[in-house]
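Colleague: My questions are about this predicted structure, shown below with the sequence.
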Amino acid sequence: MDGREWWREYLSPAPADTATFSLSELMVRPKWRGTGLSAQLHTELVGHRPEPLAVLLIDTTHPRVQALYESWGYRKIGERQPFADSPVYAVMLRGLSET
């Protein structure tokens, strides 16, 4: 529903079209890490989405993972701690026309 995007509070003004694909937990088994497979999977996953935006959360204690997503065009727009006992996450957003 328009206006209910949980990431909206980090952008002012919000994009005109706020339809968003939420990405969660893209993992590659250890033996496939460093092969480019995660980038290929990500490209296939978001490459044909109809939404103009993708959003994800990255635990701020994992800067290498955040840097990987930044290399794929995501940008940190804020930080969020959904629950008092949860980690602090970097809120990352990307335009999908960038694939």
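Modeller: Noted; the coordinates are in hand.

Colleague: Skipping its backbone neighbours, what lies nearest residue 79 in space?
Modeller: residue 88 (5.5 Å; C-beta to C-beta, 6 or more residues apart in numbering). In this view, the C-beta of every residue, glycine as well, is placed from N, C-alpha and C.

Colleague: for that neighbour, what are its contacts?
Modeller: Contact analysis of residue 88 by C-beta atoms under 8 Å, 6 or more residues apart in numbering lists 59, 60, 79, 80, 81.

Colleague: Filter those down to the buried ones and express that as a ChimeraX selection.
Modeller: Buried members of the contacts of residue 88, defined by 16 or more other C-beta atoms under 10 Å, are picked up in ChimeraX with:
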select :60,80
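
Colleague: how about the contacts of residue 88 in CSV, adding secondary structure and pLDDT?
Modeller: Putting these into CSV (DSSP: H, G, I helix; E, B strand; the rest coil; pLDDT from 0 to 100) gives the following:
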residue, secondary structure, pLDDT
59, strand, 95
60, coil, 96
79, strand, 95
80, strand, 93
81, coil, 93
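
Colleague: so which of the contacts of residue 88 comes closest to residue 72?
Modeller: residue 59 (17.1 Å; C-beta to C-beta).
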